[in-house]
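1. Build the 3D model from these lines:
(chains A and B)
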Amino acid sequence: MTKSFYITTTLPYVNAKPHIGFALEIVFADIIARYHKLKGEEVFFNTGTDEHGLKIYQKAVEGGVEPQAYVDEYASKVKALVPRLGISEDIHFIRTTDGHHKAAAQEFWKRCADNGDIYKKIYKVKYCVGCELEKTDSDLVDGYCPLHPGKELELIEEENYFFKFSKYQQPLLDLYDTAGHDFVVPKTRLHEIREFVSAGLKDFSISRLASKMPWGISVPDDETQVMYVWFDALINYISTLGWPLHQSETPVQGAASEDLFEKFWGTREVPNGVQIAGKDNLRQQSAMWQAMLMSAGLPNSRQILIHGFINSGGQKMSKSIGNVVDPFDIIDKLVQQGVAEEQAIDALRYWFAREMQTFEDGDFTWESFVESYNANLANGLGNLVSRVLKMAANAEISNYQFLISNFDQEFSRHLENYEIQKAADWVWGKIKAADEYIAKEEPFKTIKSNPEQGKLQIQDLLEQLHVIAHHLQPLLPDSSQKILAALENITLESIPRLFPRLD
RNA sequence: CGCGGGGUAGAGAAAUUGGCAUCUCGCAAGGCUCAUAACCUUGAGGUUGGCGGUUCGAGUCCGCCCCCCGCAACCA
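-> Residues are numbered from 1 along each chain as shown, chains lettered A, B, ... in the order given. Here you go, the predicted structure:
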């Protein structure tokens, strides 16, 4: 039986351009998805857009458009950006305004309610008249809104539905103990969430008054309330698989036609869902969502991967500092300097994979990006491809029967553990080894003194290059294909010039 | 004493169970000419934040102190 692999990103909220952090996340997910696909597994790779909520509603109203029209426009923009990061073409893209998602969210709610985990409670919110917005305690500075420090906050009461998160404290702790040390990766995040849950859980509100915030999914059997955005958003992980198949009377456009849920999300005994998210999402992914799944009587996730943040010039990216880095600006900048678009995309993917420590924070500066590009892509990979293929063409070796086309064990182990940086390091170790081989054996000399021996050395190098290109497939989909294609039929004219040096 | 993560050449990072402090970039010298002014070799550069302890031996284990960064719940 073919193994099945499921991975999902979080869904970006559609009120702004996708952030570089999301680009990092989806590229990581894509590398992992491609790896599993190349191993012959059946892969379901999910992303999409989170489209409900107050902010979106307000933006739409400000712009004088219907919320649906507003999110349609943004969703199509996000969707269009996906191929610009070299993401697998067969990725599934779910929108939380899709009909089958809404139906799934309502069914999910019902199951939690049937299990006695949803109740109504008066909810007090602090409201800043200046901003005309609700404020949470963490928004406040010394008890005042930082934007309107003089104004007293009003206390508003409204009745909302709450989810019995507190009931799941022990079940969650049990889950962390039994699901394995790699339930949350890296371990330190598992430790963090365990500490958080141990400290005690408070029930949280999961609805809003429809009269105040109409842009959401209706609460079943209560037209006056809509679901609070992220309660519905998390459910996309399974609604994308067509859950709950048997509850949907009429097929909805975009919904899966076969029962993909068990195949990819797995069962209680063998959970199979892998989620990747930023460190800001640790609680939602590994505590709240897990409690929600338990409440609905569904299998938990298999694994949750928590990546770090990208700082800019040593500081947190923020609009007020003006140091926000847009991933598409990086690509555009490379293109302006003469790098082909696909190569620019691969260069960005390279940076995410190799220059970011997979689960730690990283720092982006254009200078260090260029430095790493020149050292590893231009001088390292690109130059090696040129010199090896040129030698082969000169020696009139036009093709060669390659021996190895499996992933190396060590490389595989790194990717199975989601250690993307270590996997990339492995490949660049091979590149270095090939350069050293050339310096040591000097096949360009041998070919003159002892043609037969020289040919063998060059074939050895072609083999090494083939191994490198094979292992680069998940990381640099375009460049690796160009190298593999060039190896098929080697001529002086067909040598690809990958990653021209930047000034 | 709220929770968690850090501090290792100029910069960024590695270092199984304690066992020669290593790698990349940058810098200096040499080599090579197949290659994208690339590639290879060698070298300079360190009190591993501080003090004390355990040990034949500590970046690693223990104690105290100093500094940095996240989180602190309905910010999606």
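2. So which residues of the stretch 301-450 of chain A form strands?
-> A:303-307, A:310-312, A:362-364 (DSSP state E, counting those that start in this stretch).
3. Minimum distance to RNA strand B: which of those strands has it?
-> Ranking the strands of the stretch 301-450 of chain A by proximity to RNA strand B (Cβ to the nearest atom of the strand) places strand A:362-364 first, at 6.4 Å. From N, CA and C alone the C-beta is placed, and that goes for glycine too.
4. hmm, back to that, packed most tightly, which of the strands of the stretch 301-450 of chain A would that be?
-> Neighbour counts (mean count of other Cβ atoms under 10 Å) averaged over each of the strands of the stretch 301-450 of chain A peak at strand A:303-307, with a mean of 24.
5. Pass me the low-pLDDT residue ranges in the stretch 101-250 of chain A, would you?
-> For the stretch 101-250 of chain A, applying pLDDT under 70 flags the ranges A:129-151, A:246-250.
6. tell me the secondary structure for the closest residue to RNA strand B within it?
-> When Cβ to the nearest atom of the strand is the measure, the stretch 101-250 of chain A has its nearest residue to RNA strand B at A:W230, with 2.6 Å between them. In three-state terms, and counting by DSSP: H, G, I helix; E, B strand; the rest coil, A:W230 is helix.
7. still on that earlier bit, include mean pLDDT and distance to RNA strand B when you put the strands of the stretch 301-450 of chain A into TSV, please.
-> Formatted as TSV, the entries for these read as follows, by pLDDT from 0 to 100; distance: least, Cβ to the nearest atom of the strand, whole Å:
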stretch	mean pLDDT	distance to RNA strand B
strand A:303-307	92	11
strand A:310-312	85	9
strand A:362-364	85	6
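8. For A:L415, find the nearest of the ones you listed.
-> Across the strands of the stretch 301-450 of chain A, the minimum distance to A:L415, taken as Cβ to Cβ, is reached by strand A:303-307, at 12.1 Å.
9. Identify the neighbouring strands of that closest one in the sheet and state each direction.
-> Partner strands and pairing direction for strand A:303-307 (DSSP bridges) are strand A:184-185 (parallel), strand A:273-278 (parallel).
10. and these, which one is worst for confidence?
-> Set side by side, these show their lowest mean pLDDT on strand A:184-185, which sits at a mean of 89.
11. Report whether that strand contacts RNA strand B.
-> No: contact between strand A:184-185 and RNA strand B, assessed by Cβ under 7 Å from any atom of the strand, is absent, since the two come no nearer than 11.5 Å.
12. which residues touch that strand?
-> Strand A:184-185 has contacts (Cβ atoms under 8 Å, 6 or more residues apart in numbering) with A:176, A:190, A:193, A:282, A:286, A:303-306, A:359, A:417-418.
13. Tell me which residue in chain A sits closest to RNA strand B.
-> Nearest residue of chain A to RNA strand B, counting by Cβ to the nearest atom of the strand: A:G382, 1.6 Å away.
14. Might one say that that residue is in contact with A:I495?
-> No: in this structure A:G382 lies outside contact range of A:I495 using Cβ atoms under 8 Å: 10.7 Å.
15. Neighbour count: the two, which is higher?
-> Neighbours were tallied for A:G382 and for A:I495 using other Cβ atoms under 10 Å; the higher tally belongs to A:G382 (22 against 17).
16. Look up the residues that both of A:G382 and A:I495 are in contact with.
-> Overlap between the contact sets of A:G382 and A:I495, as judged by Cβ under 8 Å, 6+ apart, is nil.
17. For A:Y57, which non-adjacent residue is closest in space?
-> Nearest non-adjacent residue to A:Y57, counting by Cβ to Cβ, 6 or more residues apart in numbering: A:W215, 3.8 Å away.
18. That neighbour: what's it in contact with?
-> A:52-54, A:56-57, A:60, A:67, A:226.
19. ok, now A:L81?
-> With contacts defined as Cβ under 8 Å, 6+ apart, A:L81 is in contact with A:18, A:328.
20. and if we set it to 10 Å?
-> The neighbourhood of A:L81, defined by Cβ atoms under 10 Å, 6 or more residues apart in numbering, consists of A:12, A:17-18, A:22-23, A:26, A:87, A:327-328.
21. which SSE is it in?
-> Per DSSP states H and E: A:L81 is located in helix A:67-81.
22. what's around A:P214, how many residues?
-> Neighbour count of A:P214, defined by other Cβ under 10 Å: 13.
23. Next up, phi/psi of it, please.
-> Backbone dihedrals for A:P214, given as degrees, to the nearest 10, come out at phi -80, psi -10.
24. need the contact list for it.
-> With Cβ under 10 Å, 6+ apart, A:P214 has these contacts: A:54, A:57, A:67, A:208, A:226.
25. just to revisit the earlier point, keep only the contacts of A:L81 that also lie close to RNA strand B.
-> Near RNA strand B, judged by Cβ under 7 Å from any atom of the strand, the entries from these are A:P12.
26. Take the contacts of A:L81 and keep only those in helices.
-> A:22-23, A:26, A:327-328 (DSSP state H).
27. Write out the residues of the stretch 201-350 of chain A neighbouring RNA strand B.
-> In this structure, the stretch 201-350 of chain A approaches RNA strand B at residues A:201-202, A:204-205, A:228-230, A:233, A:279-281, A:283-284, A:316, judged by Cβ under 7 Å from any atom of the strand.
28. Mind checking which of these land in helices?
-> Secondary structure assignment (DSSP H) places A:229-230, A:233, A:283 from these within helices.
29. what would those look like in TSV with neighbour count?
-> As requested, these are exported to TSV (neighbours: other Cβ atoms under 10 Å):
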residue	neighbour count
A:V229	23
A:W230	21
A:A233	24
A:R283	14
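30. ok, the nearest residue to A:T267 once chain neighbours are set aside - contacts?
-> By the measure of Cβ to Cβ, 6+ apart, the closest residue to A:T267 outside its immediate chain neighbours is A:P299, 5.5 Å from it. With Cβ under 10 Å, 6+ apart as the criterion, the residues that contact A:P299 are A:238, A:261-262, A:265-273, A:293.
31. now A:E396
-> With contacts defined as Cβ under 10 Å, 6+ apart, the neighbours of A:E396 are A:455, A:490-491.
32. at 7 Å instead, please
-> A:E396 makes no contacts at all, as judged by Cβ atoms under 7 Å, 6 or more residues apart in numbering.
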